[in-house]
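Asks: One predicted model, sequence on top.
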Amino acid sequence: MNAQWDDPKQPTRNQVHDYLPSGQRMTTVEENIAFQRACKEWGEAMLQHLFPGALVFMFGGTRMWHRLASGMEDAGFAMWDTIIWLHAQGFPKAQDIGRMIDQRHRNEREVLGRNPNSREASDTGNTLYKLGTVGKTDFISRGKSGWDGYKTPAMKPAWEPILCFRAPRDGLTYADLATTYGTGCLNVDGGRISVGDGAKLTTHSTSSGAAAGKGIYPPYGSVETHESPGQELGRYPSNIILDEGSAEILGEPSRFFYCAKVSKAERNAGCEDLPDCIKPGGMRTANGDAEKGHSSFDKGFQDTVQKNGHLTVKPLALTRYLATLLLPPTSVIPRRLLVPFCGSGSEMIGGEQGGWDQIVGVEQNPHFCEIAERRLKYWRMFLPGVRNDAA
Ligand SMILES: C[S@@+](CC[C@H](N)C(=O)[O-])C[C@H]1O[C@@H](n2cnc3c(N)ncnc32)[C@H](O)[C@@H]1O
């Protein structure tokens with residue numbers, strides 16, 4: 001399968017608009033259709049290794065998830081839900097129209113002040129400073145085109161879709177799938193959201209009106225009307241996952257699973273002896289250079305130095321949670337998880353932490369395989385029953 005579109009190091013002329021970074025490369029109808037076709041091919045390849053009814057979670061991008069979903073459907077998968085992971089930590093990746101117009105006409109721009117994030121303003125001991133890759137636009141400026149404040153169309157990214165598929169059931173019922181293959185079922189109790197010590201769960205109708213409908217009248221109408229087994233374990237897992245920022249905005253984080261984006265320490269743990277690499281965060285030209293004039297570049301926060309420079313590392317709390325939702329009971333032997341496109345291994349580590357017995361990861365890039373192996377080795381030291389001096 002040709003997956004060049006997914007490799008940040010292999011942009012090709014017909015796949016890449018010069019100024020777009022990886023993840024935004026599919027910019028023509030033909031490229032989008034080609035992506036969907038590739039998704040169908042992956043899906044068909046995956047199906048050969050899955051039992052009937054197997055459940056699948058796939059991260060998608062907000063711009064292209066519909067093609068991914070359609071490709072998977074074309075391959076035979078059924079889509080049963082979409083989980084939304086809300087995180088308030090993304091940076092908008094848009095270009096400044098006013099600057100572009102001024103550059104084209106070689107217009108002078110009025111300098112308003114020094115950019116606080118410019119390279120000159122940063123610590124000279126900083127690795128990024130030494131590498132010379134950060135904040136080359138040192139001044140904040142204003143033009144006269146009338147287009148300052150206008151950008152190429154891109155919102156601040158604040159959510160990611162997690163698409164939920166099921167392999168074909170081959171005519172079997174869910175009970176058949178569970179008992180024959182150990183598939184098709186969601187581990188709801190394993191994924192319940194704890195309400196905290198001593199808190200009373202009131203997911204069921206508590207309003208007077210709803211209670212009256214059940215034949216319960218004030219003053220008793222505002223109490224819990226009924227309970228179901230498992231409720232004491234927490235709230236039923238929801239198709240919204242929040243990070244701290246979005247939980248604060250919504251005001252009721254306890255109703256949802258909470259997970260922030262991956263921290264630098266977590267992304268790099270276990271890879272300390274690998275050489276530094278640059279994780280690109282801003283606009284790239286086709287030859288990989290940072291793009292001048294792009295807002296994230298101007299602000300100087302697009303590149304970071306990492307040991308694990310994979311662009312799409314996921315937080316382990318999230319991958320563990322998703323793996324737990326998929327985990328069949330211990331009566332299924334062995335509980336085997338397939339992680340195609342495993343990158344630097346976050347989903348594999350989450351699978352191990354979630355309790356899966358066997359995990360098979362597939363990754364085309366040898367460097368990412370090496371990172372994944374190191375990370376797996378590191379995190380295994382903290383699995384229950386493993387002594388901390390095991391490595
Ligand atoms: C979105 S990343 C997954 C990263 C992962 N979430 C992590 O935490 O590191 C997808 C990975 O799939 C790999 N990939 C793409 N096409 C592939 C293929 N046909 N076979 C194997 N791996 C592939 C890419 O190299 C990339 O590392």
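Replies: In hand now; what should we look at?

Asks: CA only for contacts and neighbour counts going forward, please
Replies: Will do.

Asks: pull the helix or strand with minimum mean pLDDT from the chain.
Replies: Ranked by mean pLDDT, DSSP states H and E, the weakest helix or strand in the chain is helix 295-298, scoring a mean of 34.

Asks: Using the three-state scheme, assign the residue of the stretch 151-300 of the chain found nearest the ligand.
Replies: Going by CA to the nearest ligand atom, the ligand is nearest to residue 267 of the stretch 151-300 of the chain, at 8.3 Å. Residue 267 falls in the helix class when you classify it by DSSP: H, G, I helix; E, B strand; the rest coil.

Asks: Who are the contact partners of the nearest residue to it once chain neighbours are set aside?
Replies: Distances taken as CA to CA, 6 or more residues apart in numbering put residue 308 closest to residue 267, at 6.2 Å, once the chain neighbours are dropped. Residues near residue 308 by CA atoms under 8 Å, 6 or more residues apart in numbering: 267-268, 271, 277, 344, 371.

Asks: Tell me the secondary structure at the spatially closest residue to residue 239 that is not a sequence neighbour.
Replies: Using CA to CA, 6+ apart and skipping the chain neighbours, the partner closest in space to residue 239 is residue 83 (4.4 Å). Three-state assignment for residue 83 (three-state DSSP): strand.

Asks: residues near residue 83, how many?
Replies: Applying other CA atoms under 10 Å, we find 17 other residues in the vicinity of residue 83.

Asks: likewise the one 5 residues further on?
Replies: Taking other CA under 10 Å as the neighbour definition, residue 88 ends up with a count of 19.

Asks: got the contact list for the residue of the stretch 51-200 of the chain found nearest the ligand?
Replies: Using CA to the nearest ligand atom, the closest approach of the stretch 51-200 of the chain to the ligand is made by residue 59 at 7.6 Å. Counting by CA under 8 Å, 6+ apart, residue 59 makes contact with 160-163.

Asks: Repeat that for residue 243.
Replies: 85-88, 258-261.

Asks: Roughly how far does it sit from residue 348?
Replies: With the distance defined as CA to CA, to the nearest Å, residue 243 ends up 22 Å from residue 348.

Asks: which phi and psi does residue 163 have?
Replies: phi -80, psi 140 (degrees, to the nearest 10).

Asks: do the same with residue 186
Replies: Residue 186 adopts backbone torsions of phi -100, psi 130, taken as degrees, to the nearest 10.

Asks: In CSV, list the contacts of residue 59 along with neighbour count, pLDDT and secondary structure.
Replies: CSV is the format used below for these (neighbours: other CA atoms under 10 Å; pLDDT from 0 to 100; DSSP: H, G, I helix; E, B strand; the rest coil):
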residue, neighbour count, pLDDT, secondary structure
160, 18, 94, strand
161, 19, 97, strand
162, 22, 98, strand
163, 21, 98, strand
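
Asks: with those in mind, which one is nearest to residue 383?
Replies: Ranked by distance to residue 383 (CA to CA), those are led by residue 162 at 25.8 Å.

Asks: That closest one bridge partners, please.
Replies: In this entry, residue 162 is beta-bridged to residue 59, residue 83, by DSSP bridges.

Asks: which residues sit in contact with it?
Replies: Per CA under 8 Å, 6+ apart, neighbours of residue 162: 57-60, 82-85.

Asks: Could you double-check that the residue of the stretch 151-300 of the chain closest to the ligand sits in contact with residue 311?
Replies: No - contact criterion CA atoms under 8 Å: residue 267 and residue 311 do not qualify, at 10.5 Å.

Asks: So those two - more neighbours on which side?
Replies: Remark: of residue 267 and residue 311, residue 267 carries more neighbours, 23 against 15, as counted by other CA under 10 Å.

Asks: I'd like to know the predicted local confidence at that one, please.
Replies: Confidence at residue 267, expressed as pLDDT, is 96.

Asks: what sits against it?
Replies: 308, 313, 315.

Asks: still on that earlier bit, now do the residue of the stretch 151-300 of the chain closest to the ligand against residue 306, distance only.
Replies: For residue 267 relative to residue 306 (CA to CA), the value is 8 Å.

Asks: now the helices: where do they sit in the chain?
Replies: With helices called from DSSP state H, the chain shows them at 29-47, 65-75, 97-104, 127-131, 174-181, 208-213, 244-250, 264-268, 295-298, 316-326, 346-354, 366-380.
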